[in-house]
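Engineer: Got a predicted structure plus its sequence, pasted below:
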Amino acid sequence: MPRAALAGLALAVSTQAQAQTDTPSFDRPGIAFSTGTLPRGGFAWEQGLPDFERDRSDGVRSTGYSAATTLRLGLTDTLELQLSSSPYNHSRQRGGGQRQSAHGAGDTTAALKLALPSAHAKFSWALLASAAVATGAREFSDGRDQYALGATVAYDFDDATSGSLYLNVERSGGVDAWTFSPSLSRAFGARWGGYVEAGWTRTAHAPDTGVAGAGVTFMATPRIQLDASLDAGLNDAAPDWQGGIGVSVFFD
């Protein structure tokens, strides 16, 4: 399964400390979302180049790559519309005397993100409600629509360091999955930033999964962010490794 389909597995918040105050927070890297929304009429394109997942189980090695794409449009200064998909995915399996590969598109997701009011300048929070339609190829879709509601709360400890907590519930085919994740992010100057994260997911009738990892960001220009991230699985049910590299661009 590509990283774009792991929204309920390893959760992290994008780097909150942005040196460029005129650039909204991007939701990459990581799978969770930032508490910032785009200004009214603002547009952002966030692209995996690619995201990946690797796992080895029962002698079979599985590797997946995904060109995860998210388009964001500011409807108001506190509400934005998001459309996301993975127009190209590639997976391969080797081992046990077998070799298989597949490629195709993933499911399509529409979401609304709302930045909630806060009376404290250092505290921010936001909600993200989404619905995924099973439009993807059979190898990259479970064939069922998915609905999710997530919340991120963040607190700025100082001008460079912030912490966040993420909670998400996802429902698909009558089965609920709950995810909780803390993260800590820091700016390392005018252009560099990074974060560390941990995530835990409980799904009905399935083993719990846990991951932990880190990511870095680099502001190539005040409107273009480059990123790289890597998470490691903490138990057998989680993928051994997942992460990716990507780019995010803001258009005013």
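Structural biologist: Arrived safely, thanks for sending.

Engineer: I'd like the distance between the residue nearest the centre of the chain and residue 178.
Structural biologist: With distances taken as C-alpha atoms, centre = their mean, the residue of the chain nearest its centroid is residue 31 (1.6 Å). Residue 31 sits 15 Å away from residue 178, going by C-beta to C-beta, to the nearest Å. In short, each C-beta sits where N, CA and C put it, glycine included.

Engineer: Only the buried residues of stretch 203-223, if you could.
Structural biologist: Going by neighbour count (16 or more other C-beta atoms under 10 Å), the buried part of stretch 203-223 is 203, 209, 210, 211, 212, 213, 214, 215, 216, 217, 219, 223.

Engineer: Next, format the residues you listed as CSV and append pLDDT and distance to residue 86.
Structural biologist: Formatted as CSV, those follow (pLDDT from 0 to 100; distance: C-beta to C-beta, whole Å):
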residue, pLDDT, distance to residue 86
203, 94, 21
209, 96, 20
210, 96, 24
211, 97, 19
212, 97, 24
213, 97, 20
214, 97, 23
215, 97, 19
216, 97, 23
217, 97, 21
219, 97, 25
223, 96, 24
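
Engineer: Check those residues against residue 76 and report the nearest one.
Structural biologist: Within those, the smallest distance to residue 76 is 20.8 Å, found for residue 223 (C-beta to C-beta).

Engineer: The nearest residue to the closest one once chain neighbours are set aside in helix, strand or coil?
Structural biologist: Distances taken as C-beta to C-beta, 6 or more residues apart in numbering place residue 250 nearest to residue 223, at 4.6 Å, with adjacent residues excluded. Classification of residue 250 using DSSP: H, G, I helix; E, B strand; the rest coil returns strand.

Engineer: Residue 250: neighbour count?
Structural biologist: 23 (other C-beta atoms under 10 Å).

Engineer: likewise residue 90?
Structural biologist: When neighbours are counted by other C-beta under 10 Å, residue 90 registers 18.
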